[in-house]
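J.: pasted the sequence and its predicted model underneath.
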Amino acid sequence: MKKFITLILALALLCAPACLVSCGNDDANTLTMATNAAFPPYEFIEDGDYAGIDVEIAQEIAKKLDMKLEIVDTEFDSIIGGVVSGKYDMGMAGMTVTEDRLENVNFTSTYATGIQVVIVNEDSEYTSYEDFYTGFDEEGNPKGVKENITIGVQQGTTGDIYSSSKPKDWGFGEKNVKRYKTGAEAIMALQAGKVTCVIIDNEPAKSFVAANKGLKILDTSYTEEDYAIAIAKDNDKLLHKVNKALEELIADGTVQKIIDKYIPAE
């Protein structure tokens with residue numbers, strides 16, 4: 001039975017005093033964006049420069065706000081903490097809106113939809129992530145995970161969050177998940193036989209499979225999710241400005257044009 005996880009998109013009520021438009025730096029005219037530039041096509045480095053869907057959308061937002069965009073490349077699981085502390089103005093890294101993250105930051109409107117998929121070796125005996133479970137109860141939920149199943153993920157991502165949950169919640173349990181700093185490291189582990197599969201966003205997955213022979217993406221998607229920009233809860237002013245700019249870019253077709261540039265319609 002195919003399991004799709006519905007993510008709740010809601011902005012928390014803001015009670016704390018609003019800070020200045022830019023809290024992540026000393027220059028009020030600079031918009032600091034934290035990302036993890038190893039997640040193509042959303043963010044990556046090409047010819048020494050940042051590129052990708054998130055990068056170009058952020059550039060357009062900064063242009064509308066008449067601000068200079070500064071991009072900081074950091075580990076994915078440190079982005080939320082950096083936004084909360086005020087080190088960065090916003091986090092934009094193919095980041096999914098989840099209830100846990102909403103406890104710490106606010107999110108803008110959704111600008112893209114992602115799908116988590118499963119990458120395996122071409123000679124894998126598994127045809128679906130459902131094959132990793134021992135069986136299902138009367139309600140169709142997994143009873144447990146088969147022996148020797150190990151899931152490779154990029155730490156801190158939703159692939160990590162979902163995979164690490166209990167089997168009854170369609171995860172695989174903490175003990176069956178191995179975390180890596182980047183998706184590329186997880187792929188290397190798969191090729192080395194250290195993990196059974198890698199669970200990651202569909203678009204980076206396609207890039208990894210194209211660049212590495214002997215891998216394939218299973219037909220069955222693991223989850224569907226929505227991407228948005230994370231902003232500190234006490235920065236209501238910036239949230240409003242960024243959200244307004246983003247919604248204008250969505251309305252005039254700019255966001256879709258950027259997405260189509262990196263993800264052509266098949």
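T.: Thanks, I have the structure now. Please read all numbers here as calculations on a predicted model, not as lab measurements.
J.: which neighbours in the sheet does the host helix or strand of residue 200 have, and how are they oriented?
T.: Secondary structure assigned from DSSP states H and E places residue 200 in strand 197-201. Partner strands for strand 197-201, per DSSP bridges, with pairing direction: strand 112-121 (antiparallel), strand 151-154 (parallel).
J.: and that strand, what's its mean pLDDT?
T.: If you average the pLDDT over strand 197-201, you get 95.
J.: do you know how far the nearest residue to residue 230 once chain neighbours are set aside is from residue 132?
T.: By the measure of C-beta to C-beta, 6 or more residues apart in numbering, the closest residue to residue 230 outside its immediate chain neighbours is residue 91, 3.8 Å from it. In this view, the C-beta of every residue, glycine as well, is placed from N, C-alpha and C. In this view, residue 91 and residue 132 are 31 Å apart by C-beta to C-beta, to the nearest Å.
J.: now do residue 178
T.: In this view, residue 178 and residue 132 are 14 Å apart by C-beta to C-beta.
J.: also residue 77?
T.: As for residue 77, its distance to residue 132 is 24 Å (criterion: C-beta to C-beta).
J.: which one of those two has more residues nearby?
T.: residue 132 (21 against 15; other C-beta atoms under 10 Å).
J.: just say helix, strand or coil for the closest residue to the more buried one other than its chain neighbours.
T.: Counting by C-beta to C-beta, 6+ apart, the nearest residue to residue 132 once its immediate chain neighbours are dropped is residue 149, at 4.7 Å. Three-state call for residue 149 (DSSP: H, G, I helix; E, B strand; the rest coil): coil.
J.: could you pull up the contacting residues of residue 149?
T.: Shown in contact with residue 149 (C-beta atoms under 8 Å, 6 or more residues apart in numbering): 132, 172, 176, 196.
J.: and if you look at residue 56?
T.: With contact taken as C-beta under 8 Å, 6+ apart, residue 56 is in contact with 258, 261.
J.: make it 10 Å
T.: Counting by C-beta atoms under 10 Å, 6 or more residues apart in numbering, residue 56 touches 43, 50, 254-255, 257-259, 261-262.
J.: drop anything exposed from these.
T.: Under a neighbour-count criterion of 16 or more other C-beta atoms under 10 Å, the subset of the contacts of residue 56 counted as buried comprises 43, 50, 254-255, 258-259, 262.
J.: just those: which are in helices?
T.: With helices defined by DSSP state H, the entries of those inside them are 254-255, 258-259, 262.
J.: ok, the residues you listed vs residue 156, which is closest?
T.: Using C-beta to C-beta, residue 262 is the member of these that lies nearest residue 156, at 22.8 Å.
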